[in-house]
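1. Mind looking at a prediction? Sequence and model below.
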Amino acid sequence: MSQKVRVRFAPSPTGPLHIGGVRTALFNYLFAKKHGGDFILRIEDTDQNRYVEGAEQYIIDALNWCGIPFDEGPGKDGGHGPYRQSERKHLYKQYAKELVKKGKAYYAFDTSEKLDFHRKDHETKGKTFIYNWHNRLKLDNSLSLMPEELEKRLASGEDYVIRFLTTPDEKLKLNDVIRGAIEIDTNVLDDKVLFKSDGMPTYHLANIVDDHLMQITHVIRGEEWLPSLALHQQLYDAFEWEAPEFAHLPLIMKPVGKGKLSKRDGEKGGFPIFPLSWNESIGYKESGYFPEAVVNFLAMLGWNPGTEQELFSLEELVKAFSLERVNKSGARFDPDKTKWYNQCYLQKKNNTVLADLFEQELIAKTAVRKDEFSIAYLEKVVSLIKERATFVSDFWELSDYFFLAPSSYNDKAVKKQWKEDTPEIMKGVVNVLEGISDFTSEKTELELKSWISQQELSFGRVMAPLRLVLVGDMKGPHVFDIMSMIGKEESIARINTALKRLPKE
Ligand code: GLU
């Protein structure tokens, strides 16, 4: 590649960015960085009716959260701005007119009522109305009008659109990096509107003009844009511009069944569909996902490294990524796998970082006060329980007994573990614990184990009820670790409380 690689992510600000949109942005980012190129954000906001307030900022925030910032875009000029199509309005008309002059496009005056009439009329005959080579000369446009009549109507300020003049009877040869060669018969294409009567370009015209002016070398976008490729290629040819290379990414499919992943699938399956929260829809960020995990699972949706490796940092993805390894077929979305990725990244996180996050959770969501623990204590708690967690929000449930004495005991466990002789055994345990001055995990383990063998008791008869009274349940790490964390006094107090509260058989 001799030219500098320049790719763009070109969302329309019609709402929050779907996770599929983030994947498109990610693949553009990876490709750009792999080739030392630029990643550009262009906001395609020519359709004013679909404009949603706040959507642009959402897109920018989402990219930043994922750690895939753009090199050029709104607020970050790289010499090819402005990067919002609404601010480039003045540019497009001249290009539409240039095509008319070249005989590649034409003015059309057909009113929407007239077009509706044709559509309905065709429908009643079981046909579909398509504005194309077949009927364009019978419709109200500059191809069917006499030159003087055309001049008059243009001069009178009558509303018109500009349509692309598709050449009939041609076999268009298209290429897609992922799908290979594609051949399209131009007779199946319609004469798409390029410029609207409201003075705005359509997506097709603005997209091609901007890709050209912004010197885009590769267009990487979702498969839903594949049907537009024929028109786009023809537009490049009509302008006599060199076309970029195209790569259409496979769809992201529902977890089960046919069709692409939708917001409803997320609602049904209880998993996020947006990177960040949007109104009542909770995002990946707010659900406790790490951005690295989201980036990693998105990268694997439609791309594979060709090896067994599943965990990739962003840097590793940049190195490994290639469009040739992007699949043609749809990528099935697996919510369990997204959790698995988060769990892996959580295990890799430094305990200090996790302790900080846990502290925020504790203060926000529990009755535990900030002066009741130290960060060093949280770090130790985290190190003992994190292997069972997928999210930081799992920490509290896995570790509440490190902060509070149990308020109840699991019934089933009581039935199974609290035998007739258990109170006596627990009293013995209290005795042993009272005699230990150096209350470390190792020391208590040594002392208690030697007492157990002296008493000729089984280990389980002592340790299982001991866990139950310390934790309230049969969960948690090594009992001696728990005791050394909560301390001697608290350990003894919890045993004594249980001796009062639990039934004797
Ligand atoms: N504005 C289009 C979209 O919303 C861009 C498609 C393209 O990348 O060409 O996805």
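-> The structure has been received and is ready for your questions.
2. can you tell me how far residue 147 sits from the ligand?
-> 36 Å (CB to the nearest ligand atom, to the nearest Å). In this view, the C-beta of every residue, glycine as well, is placed from N, C-alpha and C.
3. Can you tell me which residues in the stretch 151-300 of the chain are near the ligand?
-> 203, 207, 221, 225 (CB under 6 Å from any ligand atom).
4. Quick check: the farthest pair among these?
-> 203 and 221 (11.6 Å; CB to CB).
5. Looking at those two, which one has more neighbours?
-> With neighbours defined as other CB atoms under 10 Å, residue 203 and residue 221 compare such that residue 221 has more, 23 against 17.
6. Now do the contacts for that one.
-> 10, 24, 247, 248, 249 (CB atoms under 8 Å, 6 or more residues apart in numbering).
7. which regions of the protein lie under the pLDDT threshold?
-> 1-2, 505 (pLDDT under 70).
8. Roughly how far does residue 437 sit from the ligand?
-> Residue 437 is 69 Å from the ligand, by CB to the nearest ligand atom.
9. Over to residue 86?
-> For residue 86 relative to the ligand (CB to the nearest ligand atom), the value is 13 Å.
10. What of residue 71?
-> On the measure of CB to the nearest ligand atom, residue 71 and the ligand end up 17 Å apart.
11. For that residue, which non-adjacent residue is closest in space?
-> residue 38 (4.5 Å; CB to CB, 6 or more residues apart in numbering).
12. Kindly report the same for residue 133.
-> Nearest to residue 133 is residue 168, by CB to CB, 6+ apart, at 4.0 Å.
13. Torsion angles phi and psi at that neighbour?
-> Residue 168 adopts backbone torsions of phi -80, psi 170, taken as degrees, to the nearest 10.
14. repeat for the one 3 residues further on
-> Dihedral pair for residue 171: phi -100, psi 110, per degrees, to the nearest 10.
15. Check the contact between residue 181 and residue 175; I expect there is one.
-> Yes: using CB atoms under 8 Å, residue 181 is in contact with residue 175, at 5.7 Å.
16. Can you list the residue ranges for strands in the stretch 51-200 of the chain?
-> For the stretch 51-200 of the chain, the strands defined by DSSP state E, counting those that start in this stretch occupy 105-108, 161-164, 171-176, 180-185, 193-195.
17. strand partners of the second one, parallel vs antiparallel please.
-> Applying DSSP bridges to the sheet, strand 161-164 is found paired with strand 105-108 (antiparallel), strand 193-195 (antiparallel).
18. Identify the residues contacting the shortest one?
-> By CB under 8 Å, 6+ apart, the residues outside strand 193-195 that reach it are 92-93, 96, 99, 105, 108, 161-164, 201-202, 204-205, 235.
19. Dump the next helix or strand after it to CSV, restricted to CA.
-> Moving toward the C-terminus from strand 193-195, the next helix or strand (DSSP states H and E) is helix 203-213. Written as CSV, here are the backbone C-alpha positions of helix 203-213 (Å, rounded to 0.1, in the frame of the first residue of the first chain):
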residue,chain,number,x,y,z
TYR,A,203,-26.7,9.3,1.7
HIS,A,204,-25.3,7.9,-1.6
LEU,A,205,-24.1,11.2,-3.1
ALA,A,206,-22.8,12.7,0.2
ASN,A,207,-21.1,9.5,1.1
ILE,A,208,-19.2,9.2,-2.2
VAL,A,209,-18.3,12.9,-2.4
ASP,A,210,-17.0,12.9,1.2
ASP,A,211,-15.1,9.6,0.8
HIS,A,212,-13.4,11.1,-2.2
LEU,A,213,-12.7,14.5,-0.6
